[in-house]
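**Student:** here is a sequence together with a model predicted from it:
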Amino acid sequence: AETTTTEAETTTTEAETTTTEADADADADEEFPVADGDPASVEIVHGIPDTPVDVYLDGDLVVPGFAPGTIAGPAEILGGPHRIQLFAPVDEPPARSTDREDAPAVDDIIEVQPGNGSLVAHLDADGAPSLSGFVSPRSEIPAGQGRVALRHLAAAGPVDISVDGEVVAAGVSSGEEGVFELPAGSRSLTISPAGGGEPLLASTVEITEGSLQVLTAAGPDADGALVVLTQTVTGLGSAPVEVPTGDSGLLAGPAANAAGLAAAAAVALTLAGVGARRSRRQA
């Protein structure tokens with residue numbers, strides 16, 4: 001009788017252990033939110049210099065060995081909360097992040113709005129890896145003009161954005177963007193520390209009628225230069241056509257000072273984030 005009791009107790013202990021493991025798996029699954037909003041089309045932009053990563057979306061591996069200065073996607077997902085994790089790359093990354101033994105460099109939950117947007121991996125103002133989300137400004141563009149959305153996602157303080165020598169967006173903080181419309185043609189673009197100082201970036205951009213150019217200023221890289229990634233959407237007077245281009249490095253060309261387009265530039269500042277974000281970044 002005593003032996004039978006001992007066996008029963010042993011069986012009970014094993015059952016309790018199995019239940020505990022199941023509970024742990026359930027708790028792990030609950031760490032990934034369920035989005036149930038309208039469809040969203042999201043590109044993933046890698047603006048952290050010299051740092052390839054494995055990218056997981058809601059626990060699933062979506063971009064292994066994601067190289068800096070490149071753009072992936074678009075990913076067709078539902079609007080709502082999504083967990084994004086960035087890990088140091090490995091030769092054979094597991095399909096699920098829960099099977100990784102290392103800790104992620106970035107682990108964020110971002111509220112994605114329906115429609116077209118971007119998730120950008122970048123350095124924050126303090127130089128720490130971070131994620132920010134943006135909605136693509138795809139409203140109709142007036143005839144004869146093009147639109148530029150310049151996103152300040154570099155490890156730097158507030159900046160002033162100038163076009164042809166005229167400030168069109170002042171005091172843009174890291175994590176914000178300046179959106180402005182300009183007459184078509186070649187325009188000089190300068191990014192300088194807010195209030196003046198040596199330009200951080202001086203470039204020439206070609207403004208195309210009816211097109212949106214999204215310029216993401218990230219970095220700096222190992223040489224101290226900003227990295228610029230470009231996304232282009234054409235046909236915003238009709239059906240938009242997206243042409244993602246993962247350009248890395250400075251845009252070519254010097255800045256030129258000319259009389260201004262400040263009055264012609266319609267400017268808006270938008271906080272980074274396609275919604276509220278709950279940070280889960282690991283120290």
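**Tutor:** Okay, I see it. Numbering: from 1, shown residues only.

**Student:** so who does residue 212 touch?
**Tutor:** 136-138, 141, 146-149, 232-234, 236, 240 (CB atoms under 8 Å, 6 or more residues apart in numbering). For glycine as for every other residue, the C-beta is placed from the backbone atoms N, C-alpha and C.

**Student:** ok, what's across the strand from it?
**Tutor:** Listed by DSSP bridges, the beta-bridge partners for residue 212 are residue 147, residue 233.

**Student:** any idea of the pLDDT on it?
**Tutor:** Residue 212 is assigned 95 on the pLDDT scale.

**Student:** separation between it and residue 147?
**Tutor:** Distance of residue 212 to residue 147, computed by CB to CB, to the nearest Å: 5 Å.

**Student:** just residue 192 next, same as before
**Tutor:** With distances taken as CB to CB, residue 192 is found 22 Å from residue 147.

**Student:** and these two? Which one has more around it.
**Tutor:** Neighbour count, other CB atoms under 10 Å: between residue 192 and residue 147, residue 147 has more, with 24 against 18.

**Student:** wait, that one sits on residue 181?
**Tutor:** Yes - the pair residue 147 / residue 181 is scored as a contact, 5.0 Å apart, by CB atoms under 8 Å.

**Student:** what is in contact with those two at once?
**Tutor:** Residues touching both residue 147 and residue 181 (CB under 8 Å, 6+ apart) are residue 141.

**Student:** restrict the helix or strand that contains residue 230 to CA atoms and write it as PDB.
**Tutor:** Using DSSP states H and E, residue 230 sits within strand 227-234. What follows is strand 227-234, C-alpha atoms only, in PDB (Å, rounded to 0.1, in the frame of the first residue of the first chain):
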ATOM      1  CA  VAL A 227      23.100  58.000 -43.600                       C
ATOM      2  CA  VAL A 228      20.200  58.800 -45.900                       C
ATOM      3  CA  LEU A 229      17.700  56.200 -47.000                       C
ATOM      4  CA  THR A 230      15.200  57.100 -49.800                       C
ATOM      5  CA  GLN A 231      11.700  55.800 -50.500                       C
ATOM      6  CA  THR A 232       9.800  57.200 -53.500                       C
ATOM      7  CA  VAL A 233       6.100  57.100 -54.300                       C
ATOM      8  CA  THR A 234       5.000  58.400 -57.700                       C
END
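
**Student:** packing partners of that strand?
**Tutor:** strand 39-46, strand 212-219, strand 241-245 (3 or more CB pairs under 8 Å, 6 or more residues apart in numbering; DSSP states H and E).

**Student:** closest to residue 123 out of the ones you listed?
**Tutor:** Taking CB to CB, strand 212-219 is the member of those nearest to residue 123, at 6.9 Å.

**Student:** deepest of the helices and strands packed on strand 227-234, which one?
**Tutor:** A comparison of the helices and strands packed on strand 227-234 by mean neighbour count, using mean count of other CB atoms under 10 Å, puts strand 212-219 on top with a mean of 26.

**Student:** my read is that residue 163 contacts residue 188, right?
**Tutor:** Yes - using CB under 8 Å, residue 163 is in contact with residue 188, at 6.9 Å.

**Student:** thanks a lot, catch you later.
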